[in-house]
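next one to model:
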Amino acid sequence: MANAAQKGTLAPLVRCAIYTRKSTEEGLDQEFNSLMAQREAAEACIVSQRELGWKALPEPYDDGGFSGGNIDRPALKRLLADVTAKRVDCVVVYKVDRLSRSLLDFAGIIGLLDQHGVSFVSVTQQFNTHTSLGRLTLNILLSFAQFEREIISERTRDKMWAARRKGKWTGGYPVLGYEVDAVGGKLNVNQAEALQVRKIFRIFVSKGTLMETLSEMRRRGIGTKSWTTRKGSVHAGKPFNRHTLEYLLSNEIYIGKVRLKGELHHGEHSPIIDLPLWREVQERLKAAKRSRPDQAGQPQGALLRGLLFCEACGTPMVPACTTKKNRRHRYYTCLSAQKKGWKTCPSRALPARRIEDSVIERLGQLRPLGADPARCPDRRYLMENLVERVTLHGGTGQVRITLTQAARCRREESMTEVERRTIVFHLPSKKTPPPARRTKTRAGRLPRIARLMALAIRFDQLLRNGTVKDYADLARLGRVSRARITQIMNLLNLAPDIQEGLLFLEPVRSWRDALHERAVREVVKEISWERQRKIFAGLLSRQSGVERKSVEELER
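As a prediction, this is how the structure comes out:
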């Protein structure tokens, strides 16, 4: 190399991608965190090799708060995609276990790097993956990294289980009625909150239902626990909803017990609720659960799912169904009223057919896409192209339909912008005879995985143009967890032709999708596009068989 330099020749450019990872989010908000320290060390290593043409790529590949036990990490997915696209020549990490702690996953990653001629460098561990001795050294180091990870997880789990068996508090959100000891591992009774807990149990016994109990608690001003973290963050108390109230009433901690893997152990803390009152409440809760119809897995066929909102409280109106005298009835209910009590919102519940038929009747007068939505077989697809939002005021019965830009352009030019954007009408009275029953159509609807693929592409556009900063912003906007955003965005790691195939899947004719998201996740796990294509082809062949079977059942 020295001779080459003397002759005036330059070393070829080696594009180095720096990958950093930290298993937990603790400390990431500091001015100088672990990810920055790893990157600084890697940049120093790259600078030391600048005579060989090494240059650090500016794009960061940082996975903060992701375990090394799997490859479901957004930055790692982007790195492997850039490796496949020939945009990276060398991958630099601080230590081998930063890339992966799983021997099987690491072997797959190294195989992909070798396939595309990309070298791998660890700053603190010297080896060369292009020699047999270097690969042996790498496998030995990785085996110890995986062993260390498993030992740490086993020790942590055993410690928590041992503490639970002794009745100690092992962490989590503080519960109403107790304060966490400053030393840790113990709960002390908060007498003022304990009085509130006893009131809640007695109110439920007297009222008999969760909704009536919520109304009484709201009247008395009883809310959830207010507490402060060790870092000083304040979590203010909020009004109870149906789920938090049911969790409180069924929490064994109030009778001096702790639960471990389905078993109850005596706790070190003092009980708040007497056993007779506890047993009576549990019997009432079981009776209420038995009276609820089991709706799991039942198709809803809700045309306005995700589009209908309650104007009074601004929350979505979610579809639900019930069965009376062997007849199934669909309706939409306000999510806020469902959680906080029916008296908190004027919308409450609304028959699904009443609102759906009214909306379709108004849209049928537009025909902006060259077809009548009232007669078009794929009404759900047209609704997604015509309607941005539907709001309902339960008190007045006023419905407001906000149209998409495509629908506005087809309306009369003499209208004002507000008139072109919205359609306002009032729901017909209950005495209005229902419209004639619609015959079943044989056209289908778009599969859910196709809509998720389109959503992933849209999210990627928002990230690229700077509308949102990161996955956390997307999670807050969509009101879902960051893990769910990661699951959706992982679809972008599929081969381009597979993404196109998902977007243009044939509509399904039954309520059940033949190609599920869970099956596609198995395709996403594969790093090689060729392997992805083989698995996806098998999924498509199985999908066509399930679709033919569903059509035959529908025809019968």
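
for the rest of this, base every contact and every neighbour count on C-alpha atoms.
Noted.

show me where the stretch 101-250 of the chain has strands.
Assigned by DSSP state E, counting those that start in this stretch, the strands in the stretch 101-250 of the chain fall at 119-122, 178-180, 187-189, 227-228, 234-235.

how about TSV for the ones you listed, with mean pLDDT, mean neighbour count and distance to Glu283 added?
Listed next are the strands of the stretch 101-250 of the chain as TSV, based on pLDDT from 0 to 100; neighbours: other C-alpha atoms under 10 Å; distance: least, C-alpha to C-alpha, whole Å:
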stretch	mean pLDDT	mean neighbour count	distance to Glu283
strand 119-122	85	20	60
strand 178-180	83	19	25
strand 187-189	84	17	26
strand 227-228	80	14	31
strand 234-235	81	12	32
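
same list (those) but as TSV, adding distance to Asp460.
Formatted as TSV, those follow (distance: least, C-alpha to C-alpha, whole Å):
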stretch	distance to Asp460
strand 119-122	28
strand 178-180	42
strand 187-189	45
strand 227-228	36
strand 234-235	33
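
Gly68 versus the residue nearest the centre of the chain, what's the distance?
Central residue of the chain (C-alpha atoms, centre = their mean): Arg484, 2.4 Å from the mean position. According to C-alpha to C-alpha, to the nearest Å, Arg484 stands 18 Å off from Gly68.

Ser358 too?
Taking C-alpha to C-alpha, one finds Ser358 at 53 Å from Gly68.

out of these two, which sits in the busier spot?
Gly68 (23 against 16; other C-alpha atoms under 10 Å).

three-state assignment of the more buried one?
coil (DSSP: H, G, I helix; E, B strand; the rest coil).

which residues does it contact?
Gly68 sits next to 23, 97-102 when contact means C-alpha atoms under 8 Å, 6 or more residues apart in numbering.

go with 7 Å
23, 98-101 (C-alpha atoms under 7 Å, 6 or more residues apart in numbering).

neighbours around Arg531, how many?
12.

host element of it?
helix 529-555 (DSSP states H and E).

mean confidence for that helix?
Throughout helix 529-555, pLDDT has a mean value of 67.

what does stretch 271-280 give?
Stretch 271-280 comes out at a mean pLDDT of 89.

centre of the chain to that stretch, how far?
Once both centres are worked out by C-alpha atoms, centre = their mean, to the nearest Å, stretch 271-280 turns out to sit 37 Å from its chain's centre.

same question, stretch 513-532
18 Å.

and it, how far apart are its ends?
Note: stretch 513-532 ends 20 Å apart using C-alpha to C-alpha.

so for it, what gets flagged as buried?
513-515, 517, 520, 523-529, 532 (16 or more other C-alpha atoms under 10 Å).

looking at the residues you listed, which are in helices?
In helices, judged by DSSP state H, the following of these are found: 517, 520, 523-525, 529, 532.

just the CA atoms of stretch 75-87, as CSV, please.
Coordinates of each C-alpha in stretch 75-87 appear next as CSV, following Å, rounded to 0.1, in the frame of the first residue of the first chain:
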residue,chain,number,x,y,z
ALA,A,75,-32.1,0.5,11.8
LEU,A,76,-30.8,-3.0,11.2
LYS,A,77,-33.4,-3.6,8.5
ARG,A,78,-32.4,-0.3,6.8
LEU,A,79,-28.7,-1.3,7.0
LEU,A,80,-29.3,-4.7,5.4
ALA,A,81,-31.5,-3.1,2.7
ASP,A,82,-28.6,-0.7,1.9
VAL,A,83,-26.2,-3.6,1.9
THR,A,84,-28.4,-5.4,-0.7
ALA,A,85,-28.6,-2.2,-2.7
LYS,A,86,-24.8,-2.0,-2.9
ARG,A,87,-24.7,1.3,-1.0
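
other residues contacting that stretch?
Contacts of stretch 75-87 (C-alpha under 7 Å, 6+ apart): 61-63, 88, 116, 493.

quick check: buried residues in that stretch?
75-77, 79-81, 83-84, 87.

returning to that earlier point: need the max-distance pair from the contacts of stretch 75-87.
Spatial extent of the contacts of stretch 75-87 (C-alpha to C-alpha) is set by the pair Asp63 and His116 at 23.0 Å.

circling back to that earlier point, from the buried residues of stretch 75-87, which land in helices?
75-77, 79-81, 83-84.

Asp274: which of these is nearest?
The nearest member of these to Asp274, counting by C-alpha to C-alpha, is Ala75 at 51.8 Å.

look up how far Gln487 lies from Arg21.
Counting by C-alpha to C-alpha - Arg21 and Gln487 are separated by 19 Å.

so who does Ile485 touch?
With C-alpha under 7 Å, 6+ apart, Ile485 has these contacts: 471, 475.
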